[in-house]
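A.B. asks: Sequence and predicted structure below; questions after.
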Amino acid sequence: MDVERAEAALVEHYPRLVRLGYLLLPPALSRHRRALTAHALAQRALPRGKAAGEEPPVPRQRAAGDAQDPAAQHTGAQDGDERDADAQAPGTQHGDTAGKAADLDARDPGAVDTGYAYLRLRVVRGALEQARPARVGRWELGWMPKVRPVLPQVAGLRLFPGAGGTDEVALEQALAAVSDAGRAAYVLRELERLSDGDVVRLLDAAGIAEPEEALREADGVCAPPGSRDRALLESPEFDACSLQARPTDLMRRRQHGRAALVAVVALGVCGALLGLPGDTWGRDGAAAPVYAQNPAAERALDPGELVRVQAAAWRDSARTDYTAWPTRGELAGDEELLRRALAVWARPGEEVTVTATPGTYAGPAAGPPQLLYAGEVDGASVVLLYDGLRIVRYAEPRGGAKGAVGLDFARADAAGAQDASAVLLTRSDGNARYLLAPWVSGLAVTDLLKPGAEATAVKRRTDGVTEPVTGPPFGGDSCTTWPALEVTSAGGQGAYLLTDLAELAPAALTSGNPAAELAPATSKAARAALARTACHLTSMAGAGVRSVNTWAFAEQELPESNGTARWVCTRAETWRGAGAKTLLQFQAPVEDPATPGSVAAQVEDDPACGPREPRVLSGVLWKSTGDSWYLLAAASEGVTSITASGDVNASADARQLAAKTEQGAKAELTATLKDGGTLKPLVP
């Protein structure tokens, strides 16, 4: 297929290709960015050179009346019928076959035009490439926006398609809930009218590993039926060729314009002063050249100045934290690798993917950091460094080959023996490898959803690197298991639990009243409460969490002899102090001990359930097995009575309250404390 034919197909079907690209692009992009990227995908679909070296999958021929595959080709008889139909008066046809064939071919130009089929394949492949998660070697970093297209570009305006109705919004939400491959399968089948076999072939050519699974996912999309005249995918809501324009932030543009003018004037004045003769500063003033003749900066970049700790130093150390970790790894003496790691830490280039937990400074080290590990893990060269405040992980392709480079920062100041027990080395295909502290004598994996099951021992190498460990189901639709690390310490800490929350340092799991000393969440009661809490921990992932405490602050006998419920408060403390998350649950009796509890409230940056405010009040509407509705409320110790007002007027001289009510009732709760004060429930 030559480029002229493809260009003719692009000109003829440009709006259709742009609509297809707009629907397939990740919903996380803004509508302005999706519209411009859809145009870029369509414009870049033309083959390079004089001809394309790839055969696109063309929909197979079907009978003309087959409504399942509207991409059927014309037969000779149908063409004749259509020519006869053209000669008639508008609105008349020579039979159903010709009318259906003409309508179906108009819907799927790829059935008769290999040029369009080629362009469609290129647009689908480009849109799916935009949706793929970023990777560093074998590590999956999650989805992030790709580089903006060079053309088209719009300055000073925000462009987006016209707003649709409730059906279009519902369809957009349904498509955002499925995977990128599932969304592509749905759009190709509903917009392009391709058969299932043609969709599988096109997705396979576009690079989808399991196109049949994408089809099954598309079958589960619950979409409104659309109108009588057209499908929802053909509505103006998804037409990136009919755009509305709005201005960008005008006040910010004015501020930036004034700032730019001031900067230009200042640069002109400085240039004039620097050109004057006499004993004046150079063009960089008092600053030295970058990282030159500055002893502290030079030492921070020198692999020979790295702090290295001996293997047995932790036994005599006054501190049991990262400062006592010995230097390990077979590449600890590779000065070239270490020099690259230190240089990238100080000056990360555009090719480096930099991540940092919230509240973590991502700048260079103030002096020579401590080397914790340098070695090859899962096809990558990994370097772990510690500067007293942060754990820094550097990763590059094995052997120093050029490729994607990752630089990750995690805050780790004032860590204790439990906090500094393990650091993530790699994460790949849902599995993770850790580097363990020298005082860890045993490691096992336990499923938090199965508190009575035996833990599985984890092997580790002599340098402290573990075998691959299954991680929690981050980003998954189901939560059937939650692996956690059961750590045994040789330093007198006993056994304790750690869980991966998508960060370098796993979070410690504790249990108990925050007003007292917290204990590891290893007791039978703590594991029972944690089994119904674990699947809620996904809301705390990636927030710089240091520890998660689960506190069963009250138990309540349910009306109508429905058993005993448990009220649980889960609080995630962060390394930076701010940003703590609190989750209140009502855990009614269930047959499956891993059934997640009902979330009564969820707040952030609130002192409740923490050491500063170890008191809490909560309430829910609950339906009994006898189909009666009740207002249930419970509070922590120190409460003498609870009062409800509003749709429910009731009180109890105890820490629990149960009052019969109706579905949808609203009530305001107030608890009275022993000292005469009052306590209100948490409000999101």
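C.D. replies: Right, received. Where do you want to start?
A.B. asks: What pLDDT does the model give the residue lying closest to Glu613 once chain neighbours are set aside?
C.D. replies: Nearest residue to Glu613, sequence neighbours excluded (C-beta to C-beta, 6 or more residues apart in numbering): Pro607, at 3.8 Å. In short, each C-beta sits where N, CA and C put it, glycine included. Pro607 carries a pLDDT score of 93 in this model.
A.B. asks: what about Pro607, how many neighbours?
C.D. replies: Per other C-beta atoms under 10 Å, the neighbour tally for Pro607 reads 15.
A.B. asks: can you tell me how far it sits from Phe553?
C.D. replies: Using C-beta to C-beta, to the nearest Å, one obtains 15 Å as the distance from Pro607 to Phe553.
A.B. asks: Any buried residues in stretch 445-463, and which?
C.D. replies: For stretch 445-463, the neighbour count (16 or more other C-beta atoms under 10 Å) marks 446-449, 451, 455, 458, 460 as buried.
A.B. asks: Return the subset of those residues lying in helices.
C.D. replies: The helices, defined by DSSP state H, take in nothing from those.
A.B. asks: how about the nearest residue to Ala502, chain neighbours excluded?
C.D. replies: Counting by C-beta to C-beta, 6+ apart, Ala502 lies nearest to Ala541, which is 4.3 Å off, once chain neighbours are set aside.
A.B. asks: need the contact list for that neighbour.
C.D. replies: Under the criterion of C-beta atoms under 8 Å, 6 or more residues apart in numbering, the contact list for Ala541 reads 472, 474, 501-503.
A.B. asks: Looking at this structure, which strand is longest?
C.D. replies: strand 545-557 (DSSP state E).
A.B. asks: So which elements touch the helix or strand immediately after that strand in the chain?
C.D. replies: The helix or strand immediately downstream of strand 545-557 is strand 564-574, counting by DSSP states H and E. Under the contact definition 3 or more C-beta pairs under 8 Å, 6 or more residues apart in numbering; DSSP states H and E, strand 564-574 sits against strand 545-557, strand 581-587, strand 617-623.
A.B. asks: how about 10 Å then?
C.D. replies: Judged by 3 or more C-beta pairs under 10 Å, 6 or more residues apart in numbering; DSSP states H and E, the packing partners of strand 564-574 are strand 507-511, helix 524-531, strand 545-557, strand 581-587, strand 598-604, strand 617-623, strand 629-635.
A.B. asks: tilt between it and helix 524-531?
C.D. replies: Using axes from the mean of the first three to the mean of the last three C-alpha atoms, to 10 degrees, the inter-axis angle of strand 564-574 relative to helix 524-531 is 80 degrees.
A.B. asks: same question for strand 564-574, mean pLDDT?
C.D. replies: According to the model, strand 564-574 has a mean pLDDT of 97.
A.B. asks: Same question for stretch 673-682.
C.D. replies: pLDDT averaged over stretch 673-682 gives 93.
A.B. asks: Now Ala259. Its backbone dihedrals?
C.D. replies: Ala259 adopts backbone torsions of phi -60, psi -40, taken as degrees, to the nearest 10.
A.B. asks: count of neighbours near it?
C.D. replies: For Ala259, using other C-beta under 10 Å, the count is 10.
A.B. asks: Report the separation between it and Thr672.
C.D. replies: From Ala259 to Thr672 the distance is 56 Å (C-beta to C-beta).
A.B. asks: before we move on, what about Ala437?
C.D. replies: Using C-beta to C-beta, Ala437 is found at 47 Å from Thr672.
A.B. asks: okay, the two: which has more neighbours?
C.D. replies: A direct count of neighbours by other C-beta under 10 Å for Ala437 and Thr672 places Ala437 higher, at 26 against 17.
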